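Visitor: Fold the following.
(one chain, ligands or ions: 2)
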Amino acid sequence: MPTKVIAVANQKGGVGKTTTAVNLAACVAALGKQVLLFDLDPQANATSGLGLEKIDGASAYRPLLGEGSLLEKIQPTAYERLHMIPSEVDLCGADIELARTENHLLRARQALQPVLESARFDLILIDCPPSLGILTLNAFAAADGLLVPLQCEYYALEGISMLNRIITQLRDGGVNPRLELFAVLMTMFDARTKLSQQVVSEVRQHFGERVFETMIPRTTKLAEAPSFGKPIMYYDPYSTGTAAYEVLAQEFLARLKI
Ligand code: ATP
Ligand code: MG
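Guide: Ligands and ions are numbered 1, 2, ... in the order given. Just a heads-up that it's a prediction; the model follows:
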């Protein structure tokens with residue numbers, strides 16, 4: 001089975017990309033899959049959320065510029081079957097530096113090639129920054145599909161047409177012919193508010209089957225866990241947040257067919 005590469009993306013900030021990348025990665029690893037979480041966001045929230053230090057030179061920055069191998073950047077985590085390519089502030093400069101290179105959209109795909117060839121992983125999850133800049137486009141060029149978290153708020157669908165346009169452009173322009181919107185995930189769902197329900201029904205109408213059955217509830221435990229550097233399932237195994245990401249992991253694997 002070839003490694004699946006999924007980018008967790010939405011150019012909107014604070015919609016639950018990192019929370020989803022970290023917790024889904026942990027739950028999929030717990031289900032027996034070999035998982036690589038690739039932090040491509042200079043904010044490095046996934047890195048600290050998984051309890052890793054932000055260390056100079058530890059990120060994908062140099063391999064993206066063609067210096068050294070991305071294989072050397074893979075680090076073990078405290079959890080079995082879960083590895084990570086951390087981020088740190090140097091990735092901030094990557095947008096500008098990459099813009100100057102040849103094939104600047106294909107840098108991540110090229111850097112990931114030896115990782116894919118090593119067949120070490122069943123799944124690579126990429127945590128993207130909240131923009132449609134060069135780092136995000138590199139993730140799109142390297143991915144089999146996008147997982148798009150949408151916050152259950154009024155403006156949830158805003159920006160989705162832009163995302164769709166970019167997918168079409170990258171696909172038709174030959175940058176990544178297999179790119180697709182793999183799935184949409186409703187996050188921060190609050191069953192008590194009518195707004196949450198309305199947004200969910202609107203999104204389901206728009207995306208149909210592509211929306212995960214599983215929704216992630218709004219719960220403070222999910223917001224607390226990163227400050228302890230732990231995925232929710234290790235921070236509070238019996239919380240509703242843990243249950244949601246565990247069910248999501250099963251649905252995710254079933255959809256990916258791995
Ligand atoms: P950015 O665009 O800055 O990368 P993001 O899309 O990665 O943000 P997160 O960092 O995952 O979003 O979440 C934004 C904030 O909301 C964080 O403080 C996070 O802890 C909190 N949060 C995420 N999901 C939930 C949830 N289901 N319930 C409560 N809080 C949440
Ligand atoms: Mg984030």
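Visitor: who in the stretch 151-258 of the chain is up against ligand 1?
Guide: Thr187, Met188, Ile216, Arg218, Thr219, Leu222, Ala223, Pro226 (Cβ under 6 Å from any ligand atom). (Each C-beta comes from the backbone N, C-alpha and C, glycine too.)
Visitor: Now do stretch 188-203: distance to the chain's middle.
Guide: Offset of stretch 188-203 from its chain centre (Cα atoms, centre = their mean, to the nearest Å): 23 Å.
Visitor: If you count neighbours, what's buried in that stretch?
Guide: Buried residues in stretch 188-203, counted by 16 or more other Cβ atoms under 10 Å: Met188, Phe189, Ser196, Val199, Val200, Val203.
Visitor: Restricted to helices, list the residues you listed.
Guide: Secondary structure defined by DSSP state H assigns Ser196, Val199, Val200, Val203 of those to helices.
Visitor: what's the distance between the second one and ligand 1?
Guide: Put plainly, it is Val199. 14 Å (Cβ to the nearest ligand atom, to the nearest Å).
Visitor: isn't that residue right up against Glu153?
Guide: Yes: Val199 is in contact with Glu153 according to Cβ atoms under 8 Å; the separation is 6.6 Å.
Visitor: Among the residues of the stretch 151-258 of the chain next to ligand 1, name the buried ones.
Guide: Thr187, Met188, Ile216, Arg218, Thr219, Leu222, Pro226.
Visitor: Skipping its backbone neighbours, what lies nearest the third one in space?
Guide: If you skip the residues right next to it in sequence, Ile216 has Thr187 as its closest partner in space, 4.5 Å away by Cβ to Cβ, 6 or more residues apart in numbering.
Visitor: does Lys4 really touch Asp144, like I thought?
Guide: Yes: using Cβ under 8 Å, Lys4 makes contact with Asp144 at a distance of 5.5 Å.
Visitor: beta partners of the residue of the stretch 51-200 of the chain found nearest ligand 2?
Guide: Using Cβ to the ion, the closest approach of the stretch 51-200 of the chain to ligand 2 is made by Asp127 at 6.0 Å. Beta-bridge pairing of Asp127 under DSSP bridges involves Val8, Asp39.
Visitor: Give me the neighbour count for it.
Guide: 28 (other Cβ atoms under 10 Å).
Visitor: swap in Leu36?
Guide: 25.
Visitor: Do I have it right that it meets Thr77?
Guide: No: using Cβ under 8 Å, Leu36 is not in contact with Thr77; the gap is 10.2 Å.
Visitor: Name the residues contacting each of those two.
Guide: His83, Met84 (Cβ atoms under 8 Å, 6 or more residues apart in numbering).
Visitor: Ligand 2 contacts on this structure?
Guide: Within the chain, the positions lying close to ligand 2 (Cβ under 5 Å from the ion) are Lys17, Thr18, Asn45.
Visitor: ok, those residues vs Gly51, which is closest?
Guide: Among the residues of the chain next to ligand 2, Asn45 lies closest to Gly51 (Cβ to Cβ), at 12.2 Å.
Visitor: what's near enough to touch the closest one?
Guide: So, once contact is read as Cβ under 8 Å, 6+ apart, Asn45 ends up touching Thr18, Asp39, Asp127, Pro226.
Visitor: Looking at the ones in helices among the buried residues of stretch 188-203, which is nearest Tyr234?
Guide: Nearest to Tyr234 among those, with distances taken as Cβ to Cβ, is Ser196, at 27.5 Å.
Visitor: Measure how buried Gly173 is and give me the count.
Guide: 10.
Visitor: And for the one 3 residues further on?
Guide: Per other Cβ under 10 Å, the neighbour tally for Asn176 reads 19.
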